[in-house]
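# Any chance you can model this:
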Amino acid sequence: MRERALLVSLNPELEQVCLEDLSDICSDHTKPGEELKCLQGNIETISKPCKDAIIKFTEKEQKDPSIDPFLWKYCADLIEKCSTKQSTGYKSNEVHDEDEDHDEGPDDILQCLAMSKHEMKNKKCRGRVEYIQLLQLSHIEFSPKFKTLCQADVIRRCNDKTHLTATKLVSCLNENIWNDTLYEQPHRISKPCRKQVKYLTMSKVQLEDGNINEGMYSICKETVLTLCKGVTPGGGRILECLRINKAKISDKKCIEALFPLQRSVDQDTGLDVYLSNQCEFEIKTFCPERVLHELSQNNDGSLLTCLKLNSNRDGFDRTRCGKALQMRLVEQNSDLRLNPRLRKACGGDISKLCAHLQVGEGRILECLKEEFVNPTSRLSVSCKTHVEGFLQGAAQTDVRLDYTLSKMCHEEIQTSCRATQQSNDVDDTGGGDNGKIEECLKELFHTNKLISSDCKVQVKLLIQSTQIDINVDPILHRACAIDLLKRCDGVPPGEGRLVGCLLNELDRETEGATGRLSPECKKLLANRADLFELAGKPVHMESIQDLYVHVKESSHRNYFLIVAMSLLGVIFVFGLFCGRVTKRRAAAKDK
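This is a model prediction of the structure:
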């Protein structure tokens, strides 16, 4: 069978029905395998008997890849490895899926090969696997398992898209899967179909050369040439480049095509090819299947959480894996739709407190942050814990984790805090700055040297969050660590209790008691007391433009807009009424 597949002329299934098409369309493709590729590539234009034969033959190869002579020739070692994994029931982290069923068969070897592309040394093996992936996405008939397992779901959920390619059908099904996950509804797409959608989505992520006509890489081809010049396709590098430079993308169609793929990858880290490659050692060492299962018992079994928890352990490469991990966390904090952990922890709170906001640009986290520092905070325990963790991460590791703070204070960070940013203690590798950038911003706030009023508002929120949780201020926490043990032992953390305890000790020192606080803690605590007092005062607006920008960026801007429109409406009605009265009086005088 393998020998017959090498040349179409030796395969009676195809030779008898495709001679005319070979002559008309594929006469220049005479090398082994080229004739079949040509017919598959022109599946919509060849005659119906030939088309049916090609589909039947391709389905046979899909169901049993071992009869594909080129795949077997170039990928024999990996095929054997995948067969061994299936026979032993082994599953790597990359293919882990809580919904995964156990109906694996010979055609799952293709999925295993796709998941193992980072191990491929043979370029011809990689090329053959990518060709098969491209076939599967180009025409639904070339993906028989997807067609069989998802047929009912496509009819129910994508019935107006039955004539579209597998690429668009996968996008349609992905949209349904994501919506069910977002709103915590029972999945409407069946488990077997979800598994096929995941595999084909992986193919969409991996095929970075732009050959999928309706794929994101094809739509973003010009953008890639501009922003990702010199980046070698493969290994998720092009997608990573686009994600990093998302703010620079001007092509709206590219942005619209990028987001769903970006969302799928963030929803299921098993699809994150770049992170899997950059953190391959860390995933195998610190986050094997057993560890992820244990984390899932505590309601968070995500790979990102596991990597984050282990990022300070010996052997964890913060330059390579740490940087990739940090970019994922920064990206997720910018948009609720990319942050499944935030949705899980704060879903109810967001519905009650932030439903009026448009998602994106860090608005949802900003809304929750404002509620967190509110003395009468209505945040649930799970959401409060998540916001605390987010603020601690921004303070201790990377100020960019607080998307709004880093955006509004970008100029200050790049100018006044540039020396701090470039010091030996601050790096861009995921290792963290230990709170030094935020400390610089606090000092600028203290000395009234912050440039924009929006930055002042953000630093004010940062200072107020320290009053709630001392862990949000790593420099103060380190300076007063011994004092907390000596003077505040037994005081439960949270709700500002630890900071309040230290301030009480500072008051006693001021009243004459000595030696209650260490000199370093006392000095820094006095500084924080001044900051707390300043943060309690309203931010001064320098101009009408400051007021406009402040309202525009506020999470309550819709409320201000409604009030302003109501006032204008009242003024208009009042003016209209007064105008009519004046007109009547003038008419009466004329009489």
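
# pull the helix or strand with minimum mean pLDDT from the chain.
The element with the least model confidence among the helices and strands of the chain, by mean pLDDT, DSSP states H and E, is helix 2-6, at a mean of 43.

# Kindly provide the whole-number mean pLDDT of the helix or strand where I55 lies.
Take DSSP states H and E as the rule and I55 turns out to sit in helix 48-63. Averaged over helix 48-63, pLDDT sits at 85.

# got it, and stretch 494-507?
Taken as a whole, stretch 494-507 has an average pLDDT of 89.

# close enough to count as contact, C112 and C82?
Yes - in this structure C112 lies within contact range of C82 using C-beta atoms under 8 Å: 3.6 Å. C-beta coordinates here come from the backbone N, C-alpha and C atoms, glycine included.

# Now do the helices in the stretch 1-150 of the chain.
Secondary structure of the stretch 1-150 of the chain, counting by DSSP state H, counting those that start in this stretch: helices at 2-6, 12-25, 34-41, 48-63, 69-88, 108-115, 123-138, 144-157.

# Comparing those, which yields the minimum mean pLDDT?
Note on these: lowest mean pLDDT is at helix 2-6, with a mean of 43.

# thinking again about what came up before, mind checking which of the helices of the stretch 1-150 of the chain is nearest F532?
Across the helices of the stretch 1-150 of the chain, F532 has its closest neighbour in helix 108-115 (52.4 Å, C-beta to C-beta).

# buried sites along stretch 493-510?
For stretch 493-510, burial by neighbour count (16 or more other C-beta atoms under 10 Å) applies to G496, L498, V499, C501, L502, L503, E505, L506, E509.

# which stretches of the protein have low pLDDT?
Of all residues in the chain, those with pLDDT under 70 make up the ranges 1-13, 66, 85-107, 160-164, 210-214, 294-301, 420-433, 537-561, 563-564, 572-591.

# quick one, helices of the stretch 301-450 of the chain?
In chain order, the stretch 301-450 of the chain shows helices spanning 303-309, 321-334, 340-353, 363-372, 381-396, 403-408, 410-414, 418-421, 436-446, with DSSP H, counting those that start in this stretch as the criterion.

# Please name every helix or strand in contact with the first one.
Okay, so that is helix 303-309. Using 3 or more C-beta pairs under 8 Å, 6 or more residues apart in numbering; DSSP states H and E as the contact criterion, the secondary-structure elements in contact with helix 303-309 are helix 280-286, helix 289-296, helix 321-334.

# Save those as a markdown table, and put in mean neighbour count and distance to K442 too.
Compiled in a markdown table, the helices and strands packed on helix 303-309 are given as follows (neighbours: other C-beta atoms under 10 Å; distance: least, C-beta to C-beta, whole Å):
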| stretch | mean neighbour count | distance to K442 |
| --- | --- | --- |
| helix 280-286 | 17 | 33 |
| helix 289-296 | 14 | 34 |
| helix 321-334 | 22 | 21 |
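
# and L517, which of the three is it?
At L517, secondary structure determined by DSSP: H, G, I helix; E, B strand; the rest coil is coil.

# Distance check, it against L261.
Using C-beta to C-beta, to the nearest Å, one obtains 53 Å as the distance from L517 to L261.

# Same question for T201.
The span separating T201 from L261 equals 8 Å under the rule C-beta to C-beta.

# D251 too?
Counting by C-beta to C-beta, the gap from D251 to L261 is 15 Å.

# Between these two, which is the more surrounded one?
Ranked by neighbour count (other C-beta atoms under 10 Å), D251 and L261 place L261 first, with 22 against 15.

# Look at that one and tell me its secondary structure.
Here L261 is helix, with the state taken from three-state DSSP.
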